[in-house]
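Visitor: Have a look at this fold, sequence not included:
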């Protein structure tokens with residue numbers, strides 16, 4: 001899919017994309033590209049949904065999960081020493 005800006009620099013997204021991803025986006029710029037990141041209508045609800053089972057976890061449990069995940073990733077990439 002491609003799109004062009006109009007004379008004032010506006011970019012129009014097709015209806016199916018707006019219906020799927022919403023009306024608001026963060027624009028992230030890189031050296032050679034840009035990325036549109038959809039912004040949830042209710043960002044707090046989106047964070048709660050993304051947190052899933054961690055929502056009721058203690059800080060200690062979350063830290064243990066992070067450490068375990070980092071160890072697993074290090075083993076997969078050969079970074080475990």
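Guide: Happy to help now that I have it. Note that the coordinates shown come from a computational prediction; the quantities given were computed from them, not determined experimentally. Numbers count the residues shown, from 1 in each chain.

Visitor: Which stretches in this structure count as helices?
Guide: 15-21, 43-51, 59-77 (DSSP state H).

Visitor: List the contacts of the shortest one.
Guide: It stands for helix 15-21. With contact meaning C-beta atoms under 8 Å, 6 or more residues apart in numbering, helix 15-21 is reached by residue 38. (C-beta placed from N, C-alpha, C; glycine too.)

Visitor: still on that earlier bit, mean neighbour count, mean pLDDT and distance to residue 32 added to the helices of the chain, as a markdown table?
Guide: Formatted as a markdown table, these follow (neighbours: other C-beta atoms under 10 Å; pLDDT from 0 to 100; distance: least, C-beta to C-beta, whole Å):
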| stretch | mean neighbour count | mean pLDDT | distance to residue 32 |
| --- | --- | --- | --- |
| helix 15-21 | 11 | 91 | 23 |
| helix 43-51 | 11 | 73 | 29 |
| helix 59-77 | 11 | 85 | 25 |
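
Visitor: Roughly how far does residue 21 sit from residue 43?
Guide: Distance, residue 21 to residue 43, by C-beta to C-beta, to the nearest Å: 14 Å.

Visitor: re earlier: could I get the helices of the chain as JSON lines with distance to residue 4?
Guide: Converted to JSON lines, those look like this (distance: least, C-beta to C-beta, whole Å):
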{"stretch": "helix 15-21", "distance to residue 4": "15"}
{"stretch": "helix 43-51", "distance to residue 4": "30"}
{"stretch": "helix 59-77", "distance to residue 4": "40"}
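
Visitor: how long is stretch 25-36 end to end?
Guide: Using C-alpha to C-alpha, to the nearest Å, the end-to-end distance of stretch 25-36 comes to 6 Å.

Visitor: Only the buried residues of that stretch, if you could.
Guide: Using 16 or more other C-beta atoms under 10 Å as the burial criterion, none of the residues of stretch 25-36 qualify.

Visitor: quick check: mean pLDDT across that stretch?
Guide: Taken as a whole, stretch 25-36 has a mean pLDDT of 93.

Visitor: Check the offset of it from the chain's centre.
Guide: 13 Å (C-alpha atoms, centre = their mean, to the nearest Å).

Visitor: Stretch 36-56 now?
Guide: Here stretch 36-56 is found 10 Å from its chain centre; the criterion is C-alpha atoms, centre = their mean.
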